[in-house]
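Q: How does the following fold in three dimensions:
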Amino acid sequence: KTLFYVKCFGGRRVTNFSKFPHEQEVLLPIGTRLRVSGVFDREKLTIYLEELHQTGRTGVEEVTAEADRLRKELADGRAELARNAAERGDDHRVRNLVASGVPVNEQDGEGQTLIFF
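A: The predicted structure is shown next:
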């Protein structure tokens with residue numbers, strides 16, 4: 001006997017049509033790509049699978065990639081605010097942005113660009 005646990009987002013439950021409703025069967029669309037995330041063998045072989053998005057990543061990987069993208073976008077936006085504040089001579093605003101961990105560029109007395117984090 002082999003048991004499959006599939007973590008999926010595109011499947012449709014067929015419990016109402018199944019001869020074995022307790023098995024919680026799911027139909028997956030044609031072309032669904034899965035990745036084996038684990039194999040366990042005690043009394044019966046158990047295979048864990050995760051459906052992949054079109055990008056080839058799992059759902060968790062998709063969420064992580066999107067969070068990373070949003071973090072970078074936020075940091076870029078804060079850096080732009082810091083640059084604008086520095087150009088306006090708004091030192092208080094620059095200090096607040098630097099305190100929030102945003103890189104800020106300034107010129108030292110000799111015309112060198114300094115980057116503060």
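Q: Might you report the residue contacts of the residue lying closest to L45 once chain neighbours are set aside?
A: Leaving out its chain neighbours, the residue that sits closest to L45 by C-beta to C-beta, 6 or more residues apart in numbering is T2, at 4.6 Å. Bear in mind the C-beta positions are built from the backbone N, C-alpha and C, glycine included. With contact set as C-beta atoms under 8 Å, 6 or more residues apart in numbering, T2 has these partners: 44-47.
Q: would you list every one of the strands in this protein?
A: 2-7, 12-13, 26-27, 34-41, 45-51, 104-107, 113-116 (DSSP state E).
Q: coming back round to it: ok, of the contacts of T2, which come out buried?
A: I47 (16 or more other C-beta atoms under 10 Å).
Q: From F40, how far off is the residue nearest to L45?
A: Remark: distance between T2 and F40 (C-beta to C-beta, to the nearest Å) = 11 Å.
Q: go on, K72?
A: According to C-beta to C-beta, K72 and F40 sit 37 Å apart.
Q: Same question for C8.
A: In terms of C-beta to C-beta, C8 sits 19 Å off from F40.
Q: which residues sit against stretch 11-31?
A: Stretch 11-31 has contacts (C-beta under 8 Å, 6+ apart) with 6, 8, 10, 32, 51.
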